[in-house]
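J.: below are the sequence and a predicted model for it; my questions follow.
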There are 2 protein chains.
Amino acid sequence: MCERGLLIVLSGPSGVGKGTVRKALFSQPDINLHYSISVTTRQPREGEIDGVDYFFKTREEFEQMIRENKLLEWAEYVGNYYGTPVDYVEKTLQEGKDVFLEIEVQGALQVRKAFPEGLFIFLAPPSLNELKNRIVTRGTESEELINDRMKAAKEELEMMDAYDYVVENDKVELACERIKAIVVAEHCKRERVAQRYKKMLEVE
Amino acid sequence: MCERGLLIVLSGPSGVGKGTVRKALFSQPDINLHYSISVTTRQPREGEIDGVDYFFKTREEFEQMIRENKLLEWAEYVGNYYGTPVDYVEKTLQEGKDVFLEIEVQGALQVRKAFPEGLFIFLAPPSLNELKNRIVTRGTESEELINDRMKAAKEELEMMDAYDYVVENDKVELACERIKAIVVAEHCKRERVAQRYKKMLEVE
């Protein structure tokens, strides 16, 4: 009866500001997304609460979750495991609620395999044009630095291929607005609405 | 060099409130859409200005436009011709600006043929569920009326097939917000952004 929620995955190159955008998004009062809390084996930092910031687990517990296929995606960074518990995501989607993940590029590729119908958003640094202008205008950056930036841009372009949308992170508030607009638009997609209509016509 | 604008077509069953939504949309100060003015052979009403509300033409002029393929779509209602001039649409899109059309369902199907890449939005009456609740609760409507509504809903469902999005017109302001969100989201589509990236990388 209940319409399945959308799975929204925000990802992008490291350092682009995924965490900042996610926090800004969830600090808004009208947000109607459910943030999927990650599982980690790292120690809680001061003020971090189990079940709010992360689910804190031992390495043994985490490895058991891997073996039992309880993680939608996982990775190891600097000696610690991080992962997304599949149960919460699946349960929340089934309740008709939209789930939001903020994960690394490698993790997003894993999620795409399990949830090809998900909505994959690539958070990109401000446009190359703007960056190049800034670099050239300032005149302090070397040719080498510009070339490095161009190389990075080419890599970003390749990474984008696996995504449905690209949101530029020129300003955090603008990036948030774009993400919210994408969610609204996806809910208006004809296939989704037509399905809703069909269900209603059957019921009655 | 310039990225082509989006063609946004708002259509839907007659009486759904297309004109009201379009007017509300264009009364907003931050709107970044270009409304395509229609051509008509009907007489200007009081206060209507040629080139603002409509391009007013004689039947001979209009029929010449038809013969010269200068209309993206056209139709005859109650003895008058109405149509969309193709020149304005094409020129504005080429300037990288988004063009907005508000037309009848038949016209939208014609536009889809010429601009399959356009963004077709179906404006739908409030959801069936809500309508049925209202009808049942009030208790004043006959079985026949409910059946009529169901039949209309089935027809709407069929009409939707040619569209990319369905926007419910439960409240004019909400419908406007959804349309704006769809335009923002479409500009974030990966194919469009990747194309922009590629151009920048070539230029530099």
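T.: Great, that's in hand. Numbering: from 1, shown residues only, chains lettered A, B, ... in the order given.
J.: quick one: pLDDT of A:Arg134?
T.: The model reports A:Arg134 with a pLDDT of 56.
J.: and the next helix or strand past the least confident helix or strand in chain A by mean pLDDT?
T.: Every helix and strand of chain A was ranked by mean pLDDT, DSSP states H and E. The lowest is helix A:128-138, at a mean of 58. Downstream of helix A:128-138, the first helix or strand assigned by DSSP states H and E is helix A:143-160.
J.: near chain B, anything from that following helix?
T.: Yes - residues of helix A:143-160 are located near chain B by C-beta under 8 Å from any C-beta of the partner chain, namely A:Met150, A:Ala153, A:Lys154, A:Glu156, A:Leu157, A:Met160. Yep, even glycine has a C-beta here, placed from its N, CA and C like the rest.
J.: can you list the residues you listed in a markdown table and add pLDDT?
T.: Conversion of the residues of helix A:143-160 next to chain B to a markdown table gives the following (pLDDT from 0 to 100):
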| residue | pLDDT |
| --- | --- |
| A:Met150 | 76 |
| A:Ala153 | 77 |
| A:Lys154 | 81 |
| A:Glu156 | 81 |
| A:Leu157 | 83 |
| A:Met160 | 91 |
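J.: now the residues you listed as a markdown table including distance to B:Phe62 and neighbour count?
T.: Listed next are these as a markdown table, based on distance: C-beta to C-beta, whole Å; neighbours: other C-beta atoms under 10 Å in any protein chain shown:
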| residue | distance to B:Phe62 | neighbour count |
| --- | --- | --- |
| A:Met150 | 53 | 16 |
| A:Ala153 | 50 | 19 |
| A:Lys154 | 52 | 14 |
| A:Glu156 | 51 | 20 |
| A:Leu157 | 48 | 18 |
| A:Met160 | 46 | 20 |
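J.: tell me the two of the residues you listed that are most distant?
T.: Greatest spacing in the residues of helix A:143-160 next to chain B, by C-beta to C-beta: A:Met150 and A:Met160 (15.7 Å).
J.: quick check: mean pLDDT across the helix or strand harbouring A:Val99?
T.: Under the criterion of DSSP H and E, A:Val99 resides in strand A:98-102. For strand A:98-102, mean pLDDT is 96.
J.: just checking, what packs against it?
T.: strand A:7-11, helix A:18-26, strand A:33-35, helix A:86-94 (3 or more C-beta pairs under 8 Å, 6 or more residues apart in numbering or on different chains; DSSP states H and E).
J.: and those, which is most packed in?
T.: Among those, judged by mean count of other C-beta atoms under 10 Å in any protein chain shown, the one packed with the most neighbours on average is strand A:7-11 (a mean of 24).
J.: chain B contacts on chain A?
T.: By C-beta under 8 Å from any C-beta, the part of chain A that sits against chain B consists of A:121-122, A:124, A:127-129, A:132, A:150, A:153-154, A:156-157, A:160-161, A:163-168, A:177-178, A:180-182, A:184-186, A:188-190, A:193-194, A:196-198, A:200-201, A:204.
J.: mind doing that once more with 7 Å?
T.: A:128-129, A:132, A:150, A:153-154, A:157, A:160, A:163-167, A:178, A:181-182, A:184-185, A:188-190, A:193-194, A:197-198, A:200-201, A:204 (C-beta under 7 Å from any C-beta of the partner chain).
J.: ok, and for stretch A:96-114, which residues are buried?
T.: Of all the residues in stretch A:96-114, those buried under the rule 16 or more other C-beta atoms under 10 Å in any protein chain shown are A:98-105, A:107-108, A:110-112.
J.: can I get the CA coordinates of it in PDB?
T.: Extracted in PDB, the C-alpha atoms of stretch A:96-114 (Å, rounded to 0.1, in the frame of the first residue of the first chain):
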ATOM      1  CA  GLY A  96       7.700   5.300   2.400                       C
ATOM      2  CA  LYS A  97      10.400   7.600   3.900                       C
ATOM      3  CA  ASP A  98      13.300   9.100   2.000                       C
ATOM      4  CA  VAL A  99      16.700   8.000   3.200                       C
ATOM      5  CA  PHE A 100      19.800  10.100   2.900                       C
ATOM      6  CA  LEU A 101      23.400   8.700   2.800                       C
ATOM      7  CA  GLU A 102      26.600  10.800   2.700                       C
ATOM      8  CA  ILE A 103      29.400   8.500   1.700                       C
ATOM      9  CA  GLU A 104      32.800   8.200  -0.100                       C
ATOM     10  CA  VAL A 105      32.900   7.600  -3.900                       C
ATOM     11  CA  GLN A 106      33.900   4.000  -3.500                       C
ATOM     12  CA  GLY A 107      31.000   3.400  -1.100                       C
ATOM     13  CA  ALA A 108      28.500   5.100  -3.500                       C
ATOM     14  CA  LEU A 109      29.600   2.600  -6.300                       C
ATOM     15  CA  GLN A 110      28.800  -0.300  -3.900                       C
ATOM     16  CA  VAL A 111      25.400   1.200  -3.100                       C
ATOM     17  CA  ARG A 112      24.600   1.700  -6.700                       C
ATOM     18  CA  LYS A 113      24.900  -2.100  -7.300                       C
ATOM     19  CA  ALA A 114      22.500  -2.900  -4.500                       C
END
